[in-house]
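> Quick one, structure for this:
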Amino acid sequence: APAFTQIATGGVADLAAHPNSVLFLCWPPCEADETAPEHVRRMAANAIEAHAGSSVALVVDSPWALPIRDGKAVQAAGPEALDALRAGGFRLAP
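Sure thing, here's the model as predicted:
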């Protein structure tokens, strides 16, 4: 069967070349993971801020849920990513 759509991989710098596309973020790195480098923790926020399109699909259990891992609360989409969504005019829908 023919492909329904094309999925491109790349980095934040590649987003400007795709203004008519949906940014798909599936379980981006956790902002609260202090063991990860800064650019990894900010990946979702940086991608949302650089995205020139009108739609973002953020796939997580819940951006407001705080699951517990190793005794610490973690959040799949942290406050920086959520702030970037709001600043970009994106509407959050369950």
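
> okay, now the closest residue in space to residue 28 that isn't next to it in sequence: neighbour count?
Excluding the flanking residues, the one nearest residue 28 by C-beta to C-beta, 6 or more residues apart in numbering is residue 44, at 3.6 Å. Using the backbone N, CA and C atoms, a C-beta is placed for each residue, glycine as well. When counting by other C-beta atoms under 10 Å, one arrives at 27 neighbours for residue 44.

> Residue 13 now?
When neighbours are defined as other C-beta under 10 Å, residue 13 has 9 of them.

> Contact partners for it?
residue 50 (C-beta atoms under 8 Å, 6 or more residues apart in numbering).

> Pass me the low-pLDDT residue ranges in the protein, would you?
Where the chain drops to pLDDT under 70, the residues are 1, 61-77, 92-94.

> The same query, at a cut-off of 50, please.
63-64, 67, 73 (pLDDT under 50).

> quick one, helices of it?
Assigned helices in the chain, in chain order: 38-41, 43-50, 79-87 (criterion: DSSP state H).
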